[in-house]
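Engineer: This is a predicted model, with the sequence first.
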Protein chains: 2
Amino acid sequence: MNHPPSHRYEQLAELIAQMIEKGTLAAGARLPSLRAASEQHGVSLSTTLQAYRLLEQRGVLTARSQSGYYVNGVRTTALALPSMSRGRTKPSTVSISDAVTHLLEHAANTSLVPLGCAVPDAALLQAARLDRTLARLARTQGENANIYSAPLGEHALRQAIAQRAMRVGQALSADDILITCGCTEALVLALSAVASRGQAVAIESPTYFGLLHTLEALGLKAFELPTDPIAGVDVAALARLLETETISACVLSSSFNNPLGSTMPDANKRSLLALLTAHDIPLIEDDIYGDLHFGRERPKPFIALDGGANTIYCSSFSKSIAPGYRVGWITAGVHMARVVERKLAFSLCSAVLPQRALADFLATGAYDTHLRRVRRVFQENLARMARTVEASFPAGTKVSRPQGGFVLWLELPRSVDTRTLFDKALERGICFAPGDVFSASRRFRNCLRLSAGYSWTARIESGVRTLGSLAREALMR
Amino acid sequence: MNHPPSHRYEQLAELIAQMIEKGTLAAGARLPSLRAASEQHGVSLSTTLQAYRLLEQRGVLTARSQSGYYVNGVRTTALALPSMSRGRTKPSTVSISDAVTHLLEHAANTSLVPLGCAVPDAALLQAARLDRTLARLARTQGENANIYSAPLGEHALRQAIAQRAMRVGQALSADDILITCGCTEALVLALSAVASRGQAVAIESPTYFGLLHTLEALGLKAFELPTDPIAGVDVAALARLLETETISACVLSSSFNNPLGSTMPDANKRSLLALLTAHDIPLIEDDIYGDLHFGRERPKPFIALDGGANTIYCSSFSKSIAPGYRVGWITAGVHMARVVERKLAFSLCSAVLPQRALADFLATGAYDTHLRRVRRVFQENLARMARTVEASFPAGTKVSRPQGGFVLWLELPRSVDTRTLFDKALERGICFAPGDVFSASRRFRNCLRLSAGYSWTARIESGVRTLGSLAREALMR
C-alpha cells in the first residue's frame, strides 16, 4: 500500500503481506497461532485476529477450522504495487468516445489475442446449463413470454436477486429491484436520475472506461479521486474536495474495481457513506465483480452498510455467467421512481425469456457451484498472468493485486507510452487496453490493463510475453 | 379528410371513399372501369388511375389482375373521422411521466380487458416457430453466443434486415444497421445524437406517449404539428413554424401513426423531406407499424424517398412478431457514428441469442407468411371494434380509419373527459389509453385510444360496449 496503514491491525497485515510477497511465508504455510503472533509483534490478540481476518478478506490467507490460518496457494508476484493515483481537484469534461469505440472494435476482433476486453471467455464460463434452461423455457413458455415484461422486469428473477442479496446483508424485496440491459443501463439510469448535463460526479482513478463513455454521453463532468490499488479511493481527499466543490453523485465500484482490483475496507466504506450522507450526495455503486471474490467472504457492498438510505446499487450477470444475455439490475431507494421512469423512457423493458432462464437457473443453486469454479479459474489465471508479466516486462513494471474479478493493471516505467504500444501490439495480433482510456483527464499513459478472463493457453501466455518484449523495446528507444 | 385534397386525383379518391363509407359502393363491389369513371367524373384516365391506386394503397380498394378494382371486404364504419388536430406554435415542456407510468401499470394488469396497451396478443401472434428457433440455438450455439455482441449487433440479423429493407426501396447494407433494445432505444439514440437538453423537436399530434416520455427524460421540448387522421402532418404548418422557430429534429411515424393511424401520402413525405433538408434538420422516423399494412403495398418509409440523406430510421419486431424479445434497429446515415457511440454508452450491446433466432426466422421466409396472417387479423379486429364503437358509443363519436397497425382513435363529444372515464372503466375491469397522454400539451381530453391487438372475443367486445355505455353516461351528467 502506498499510503500509511492507519490502524495497528492494518500495519500488522501489511507486514505479513510483505513477508508472503518476499517468500518468507511460502504458499501453503501455516501462520503462527494468534497467541504466538501477538507475542512476537507485541500487539493484542484482537489486533492479530483483525489482521488475519483482513488478509483473509483480501484472499491472501485462508482460515481452516480448528487448524489456523494458511497462506493461499496462489503465489503473488514479487513486482511492486502500482502507485496510488493522484486526485484532480478540477472537474474534467469527458471526451473519450473515439478512444473507447476504437478499443471496442479491436477488442471484438476474435483473431487477436484477447487481453483487451474485460469479458469472460464463454468456453471458460460453461453456461450450458443456463442455455438449456433458456431452450426449455422457449419451447414450453414461448407464447406466454411473448409480451412486454412488467415495468420492473420479471418477478421471479427480481425475487431470486433479492434472496441472494440477503446473504451480503442487503435487505431487499423483489419490488425494490429493476431489471436492466446489463450494468451499463443500470449506471445510465442511476446517473440520469440524480445528475443533469453540465454537473459533475466524483469517480475512482483509474476507472472503467465504459463509465467515462457514459458520463460523456450524458454530458457529465468528472472529478477523479486519488485511488489506492489495494484500499480504493481516499476518503480524506473526497472530504477535501467537498469543502469547495459541488458534485451530484459519487460513482464507485463496490469491490474489485476495474481496472485496479482495489476494494475499500469496510471502515473506509462507512466513512465515505457518512461523508456523502452529510453532504446529501447519493452514492452510485457498481458491484459487477462482487461475486468473483477470491477470499472466503464476499466483500459487502456499500448498500449493505447504509441500508440503501443513500445508495444506488447496480450490478449484472455479465461478468460471472451470461455476457450474452444482457441482464443487469438496479435498486435505487428514494430515487427508484425516477429510475423506473427512465427505464421506460430509454428501453421500455427487457427481454422476457433471458430473465426467466436466469431466475430458474438461480433457483437450482447451480449458480453457486458455478461461481466457486470460475473464481478459482480467474484467480489462477491472474496469478499466471502476473508471473508471466514478472518474467517478460521491463524492470520497474508494477502490477496490481486483485482479490477478485479477472483484470490486471500494470504500471510501466514512465517513458513507455502504452498507446504507441497498443498499435505495435495490434500489428503482432494482440489486443490490450491502454491506460489513458481509464481516465477522464487521459492520464495513465504508462499503464495498461490486461484481461485474464480467458482460459490460460499457450497463445495467451505467448501474447503476454510478446507484449512484455514490445514494452522492453519501447523502453530502449 | 379535414383539409381540402390538393390534387384532382385526391379529390376523386375522397369522393369514392365517401361513396364507400355511405354504402353507395358496398364491400366487394366492382368499381367502374377506368374509362367509365373518367367519363363520369370528367377527368383524365391517368387521374382516375391515380385515384384508384391511392385508394388501393390505403387499403380501401383491391386490384385484381385483368378484372379491375374492388371495394375491400371489411366494411368501414359510418362514424365521422376525428378532426384534424391544431398545431401549437409554442414548444411544450413535456411533463407526462406520472400519467404514462400510471397507464403502463394498469396496462400490464392482465385481469383488465386489454384495450390499453398497444402490444399484440401473444396468442394471436403465434410465434412458436420463432421460439423453437431460439430453443434450438440456445442448445446448439449457447456457448458460442455467450459473448458481448459486436457493437452494431449480430451480423446475420443486420444482413436479414438490410435485405428486407430493399423491398421498400431502402438501399442498406448490414453495416448501416445498429441493433437496439426495441424501437424505444432506437428513438433515444436518434434523439440524443441530434438534440440536446433544452432544445425542441417537432412531432405529430396526437403522438405515441412513449415518445413524449422519452422527450421528457432527455429534457427536450416539443412543437406539436397539426395532424390529419388520414394524411398525417400538415407540411405547410411545419414550413410556417420553421420561419420563426428552431428545431433540432422532426420525429414522425413512417406510416400508421400511433394513435391516429394516419399515413402521409408519398408526395407530402417528399415535400416534408425537402423542407427539412433546406433547413438542415434531420428527420427521425418510427416505422414500427410499417409491416402491418392492410393495403397491398407497404407504404414507403421516408428513408426510401430521400435515400437516407437526412433521415434516421427506427423500427423493431415488437409489434409484428416478438414483443418479448426486445429487438429493434436503427440506421442513421451521417449521424451513425454518434448513434453507435450512444448505444455503447447507454446499453453496450444487445442480447445475442434473440438476435440470432430472429435472423434464422427471417431467413426461412416464415415472417412473410406470419405477416399476411396477422395483418388480416388486425384489420378484422379493427373493423369489429369500429362497428362495436358505432353501436355503443354516444352519438357524435368520431373514429379513425387506420389502414395498418392495430389501434383505433376515438374523438368523443367535447364534454366527455376520458381521464374521468379511465377511472370509471378501471372500476369495471377495463383498461384503455386516455387521450391526454398522447399530447405534450395534454390536449385530446375528449379522445381515447383502443388497442385491437388482442384476438376478438366476447370479453373484448363486451369491454368496448361497456366503455360505450360509460361514455354515454358521462355525457348525460
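Structural biologist: Received the coordinates, thanks.
Engineer: can you give me the strands in the stretch 301-450 of chain A?
Structural biologist: A:311-316, A:328-331, A:398-399, A:407-411, A:430-431, A:433-434, A:447-451 (DSSP state E, counting those that start in this stretch).
Engineer: who's in contact with the longest one?
Structural biologist: Identification of contacts with strand A:311-316 by Cβ atoms under 8 Å, 6 or more residues apart in numbering or on different chains yields A:170, A:180, A:182-183, A:186-187, A:190, A:193-194, A:249, A:254, A:273, A:282-288, A:290, A:301-303, A:327-333, A:335, A:339. The C-beta positions use only the backbone N, C-alpha and C, and glycine is treated the same way.
Engineer: related to what we said a few turns ago, could you redo the strands of the stretch 301-450 of chain A as TSV and give each row distance to B:Val416, mean neighbour count and mean pLDDT?
Structural biologist: Formatted as TSV, those follow (distance: least, Cβ to Cβ, whole Å; neighbours: other Cβ atoms under 10 Å in any protein chain shown; pLDDT from 0 to 100):
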stretch	distance to B:Val416	mean neighbour count	mean pLDDT
strand A:311-316	43	27	97
strand A:328-331	40	27	98
strand A:398-399	72	23	96
strand A:407-411	61	26	98
strand A:430-431	63	24	96
strand A:433-434	61	26	97
strand A:447-451	62	28	98
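Engineer: Which members of the contacts of strand A:311-316 additionally contact chain B?
Structural biologist: Taking Cβ under 8 Å from any Cβ of the partner chain as the test, chain B is in contact with A:Gly182, A:Val327 out of these.
Engineer: Tell me where the model's unsure across the stretch 151-300 of chain A.
Structural biologist: Along the stretch 151-300 of chain A, no part satisfies pLDDT under 70.
Engineer: Those residues of it touching chain B, which are they?
Structural biologist: A:151, A:181-182, A:184-185, A:188, A:192, A:196-197, A:210, A:213-214, A:216-219.
Engineer: and which of these is nearest to A:Ala37?
Structural biologist: Closest approach between those and A:Ala37, by Cβ to Cβ: A:Gly210, at 42.8 Å.
Engineer: any idea how far that closest one lies from B:Arg342?
Structural biologist: From A:Gly210 over to B:Arg342 the distance is 13 Å, taken as Cβ to Cβ, to the nearest Å.
Engineer: and what of A:Arg414?
Structural biologist: Distance from A:Arg414 to B:Arg342, by Cβ to Cβ: 36 Å.
Engineer: same question, A:Gly261
Structural biologist: 29 Å.
Engineer: same thing with A:Ala391?
Structural biologist: To B:Arg342, A:Ala391 is 42 Å away according to Cβ to Cβ.
Engineer: all helices of the stretch 251-400 of chain A, in order?
Structural biologist: A:266-278, A:302-306, A:336-346, A:352-364, A:366-392 (DSSP state H, counting those that start in this stretch).
Engineer: and the first one, which residues are buried?
Structural biologist: Of all the residues in helix A:266-278, those buried under the rule 16 or more other Cβ atoms under 10 Å in any protein chain shown are A:Asn268, A:Lys269, A:Arg270, A:Ser271, A:Leu272, A:Leu273, A:Leu275, A:Leu276.
Engineer: A:Gly365: which of these is nearest?
Structural biologist: Nearest to A:Gly365 among those, with distances taken as Cβ to Cβ, is A:Lys269, at 29.2 Å.
Engineer: That closest one touches A:Ile303, doesn't it?
Structural biologist: No - contact criterion Cβ atoms under 8 Å: A:Lys269 and A:Ile303 do not qualify, at 10.2 Å.
Engineer: and A:Asp176, what is it in contact with?
Structural biologist: A:Ala162, A:Gly308, A:Thr331, A:Gly333, A:Met336.
Engineer: Revised request: answer the last question for A:Ala474.
Structural biologist: Applying Cβ under 8 Å, 6+ apart, we find A:Ala474 in contact with A:Ser415, A:Val416, A:Asp417, A:Thr420, A:Leu421, A:Lys424.
Engineer: Excluding chain neighbours, what is closest to the residue of chain A most remote from its centre?
Structural biologist: Here the centre of chain A is the reference, and by Cα atoms, centre = their mean the most remote residue is A:Glu143, at 37.9 Å. Nearest non-adjacent residue to A:Glu143, counting by Cβ to Cβ, 6 or more residues apart in numbering or on different chains: B:Ala122, 5.0 Å away.
Engineer: can you check A:Gly404 too?
Structural biologist: Nearest non-adjacent residue to A:Gly404 (Cβ to Cβ, 6+ apart): A:Phe256, at 3.7 Å.
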